[in-house]
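S.K.: Need coordinates for the below:
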Amino acid sequence: MLNTCIANNMGVIHLRVRHYAIAAKFFQDAITFDKRIAANMRNVSLYQMSTARTCEILYNLGIAMLHLRRPKEAYNCFFVPLKSYHNNPRLWFRISEACIMDHEMVCAYINILKTILRF
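M.R.: The predicted structure is shown next:
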């Protein structure tokens, strides 16, 4: 449980100082620790059960992925918290941001292909 919190907090710190790749690594580690807690639910205390924070960690990882210009991964990260936080407008904003970024990247790729094929 402590490892999950530490890894998530370290990810948030690195996200704030714009070290997005390092932040994403910490968030991925936090998800791994959180899954380990979820797998051993019979062996943990009630307090540790209440600290499962997969949704929050995935939201943070999604933001890091947006900053790394990886919109498909960000969208996949935002999809899980959507079930719990469907009334959160910031989450919907981030999902739309990921969709728009993906569309822009596809359009840019198509334009590059068009210019290459013309010559």
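
S.K.: Strands along this protein, start to end?
M.R.: Read by DSSP state E, the chain holds no strands at all.

S.K.: Helices of that one, start to end?
M.R.: 2-16, 20-39, 46-50, 54-67, 71-84, 89-118 (DSSP state H).

S.K.: Please state the mean pLDDT value computed over the longest one.
M.R.: So the one you mean is helix 89-118. Mean per-residue pLDDT for helix 89-118: 94.

S.K.: for that helix, the distance to its chain's centre please.
M.R.: 18 Å (CA atoms, centre = their mean, to the nearest Å).

S.K.: in it, what counts as buried?
M.R.: 91, 94-95, 97-98, 101-102 (16 or more other CB atoms under 10 Å). Just so you know, the C-beta spots here come from the backbone N, C-alpha and C atoms, and that holds for glycine as well.

S.K.: Make TSV out of those residues and add distance to Leu58.
M.R.: Output for the buried residues of helix 89-118, formatted as TSV (distance: CB to CB, whole Å):
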residue	distance to Leu58
Leu91	11
Arg94	11
Ile95	12
Glu97	16
Ala98	13
Met101	18
Asp102	18
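
S.K.: tell me which of those is nearest to Lys72?
M.R.: Comparing the buried residues of helix 89-118 against Lys72 with CB to CB places Asp102 closest, at 6.1 Å.

S.K.: ok, now which ones touch that closest one?
M.R.: Neighbour list for Asp102: 71-72, 75 [criterion: CB atoms under 8 Å, 6 or more residues apart in numbering].

S.K.: is it true that Ala21 touches Leu68?
M.R.: Yes: in this structure, Ala21 is within contact of Leu68 by CB atoms under 8 Å, at 6.4 Å.

S.K.: higher neighbour count, the two?
M.R.: Leu68 (14 against 10; other CB atoms under 10 Å).

S.K.: And the pLDDT at that one?
M.R.: 97.

S.K.: Excluding covalently adjacent residues, which one is nearest to it?
M.R.: Tyr20 (5.0 Å; CB to CB, 6 or more residues apart in numbering).

S.K.: same question, Arg69
M.R.: Met101 (7.0 Å).

S.K.: That neighbour is in contact with Leu66, isn't it?
M.R.: Yes: using CB under 8 Å, Met101 makes contact with Leu66 at a distance of 6.8 Å.

S.K.: I am finished for the moment; much appreciated.
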